[in-house]
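Peer 1: Here is the input, now give the coordinates:
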Amino acid sequence: MENQQRGKRRDSIGKNDSDVSVNESPSSQDDGVIEGRNAVLEALRAGVTIDKVFIASGDTDRSLAHIASSARGAGAVVVETDRRKLDSMSITKAHQGVIALAASVSYAQLADIIELAKSKNEPPFIVICDGIEDPHNLGAIIRTSESAGAHGLVIPKRRSAGLSASVAKASSGAIYHLPIARVSNISSAIAQMKKAGIWLYAASGDGENSLWETDLTGPSAIVIGSEGSGISRLVRENCDFSVSIPMYGKITSLNASVSAALILYEAVKQRRFSNISDT
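Peer 2: Numbering: from 1, shown residues only. A predicted model of the protein is given here:
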């Protein structure tokens, strides 16, 4: 199944993802919610992994400014939002202008994921989720990635679901076994992977290479985009190849988690069963 796709690599790396400045609004999910100034601040001091902190916009209170600064220092995304949205998120109805969303597990470092593959003497097999905001989709992709033997998964800080209890449940617990890195910039993460000799494959409906004709046996990172807008432009431009799943019916697209499953298990077939002769 070898092809000649690995001739020339695209090495131009954009400085920023196009999605990092997206204006986010609070999630309606109630899992992992920490409310109130003291509770959020103590969680940060205790080293609890926080995905996002929502703070009432227009409030000049020094206490909230301190929480925002501490949250950014801990790597959390800070989002200013309308008090009415905070009210709709609140379980206690006493949020004091701040609500944090805690992650169910701690995040890994991308370098650790790459090193894990080396320690197993295996070519890296990594999944990148670009803009997967639905927790059920992200959980399903995590579940499939772990089941397929991926070494880890990468998500961006913005325009992505975090590692909430909903994601943990949707992953059927796979979230506790698969290293997951959260990065500020997907394109920078791609550059890091390229330096490690990893080839980047963008999953796209109009991909240049058919999945069945694509060699996924080497060091690979599979990029899965959102169902709405797909993979962001800069991320796609920085990938080495674009891959499409052949479609034979009237429907021309698949759910993001279904697409991920098909591509990942094609990679599993190639990597683990390539030495089995056709009968």
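Peer 1: give me the low-pLDDT residue ranges for this structure?
Peer 2: Along the chain, segments meeting pLDDT under 70 span 1-31, 274-279.
Peer 1: Pull out the buried residues from the helix ranked longest in the chain.
Peer 2: The longest helix of the chain (DSSP state H) is helix 256-273. For helix 256-273, the neighbour count (16 or more other CB atoms under 10 Å) marks 256-257, 259-261, 263-264, 266-268, 270-271 as buried. Every C-beta, even on glycine, is put in place using the N, C-alpha and C of the backbone.
Peer 1: Run through the neighbouring helices and strands of it.
Peer 2: Helix 256-273 sits against strand 125-130, helix 135-147, strand 199-203, strand 220-225, with contacts defined as 3 or more CB pairs under 8 Å, 6 or more residues apart in numbering; DSSP states H and E.
Peer 1: Specify the stretch among these that is closest to residue 168.
Peer 2: Closest to residue 168 of the helices and strands packed on helix 256-273, according to CB to CB: helix 135-147, at 7.1 Å.
Peer 1: Can you list the buried residues in the closest one?
Peer 2: Residues 135, 137-147 are the ones in helix 135-147 that count as buried (16+ other CB under 10 Å).
Peer 1: Follow the chain on from that helix and name the next helix or strand.
Peer 2: Downstream of helix 135-147, the first helix or strand assigned by DSSP states H and E is strand 152-156.
Peer 1: distance between that following strand and the chain's centre?
Peer 2: Distance of strand 152-156 from its chain centroid, counting by CA atoms, centre = their mean, to the nearest Å, is 4 Å.
Peer 1: what do you get for stretch 216-236?
Peer 2: 11 Å.
Peer 1: again with stretch 114-121
Peer 2: On the basis of CA atoms, centre = their mean, stretch 114-121 sits 20 Å off its chain's mean C-alpha point.
Peer 1: quick one on the thing from earlier: so which of the buried residues of helix 135-147 is the closest to residue 194?
Peer 2: residue 145 (20.4 Å).
Peer 1: Provide a list of residues in contact with that closest one.
Peer 2: Residue 145 makes contact with 127, 153, 174, 178, 260, 264 under the criterion CB atoms under 8 Å, 6 or more residues apart in numbering.
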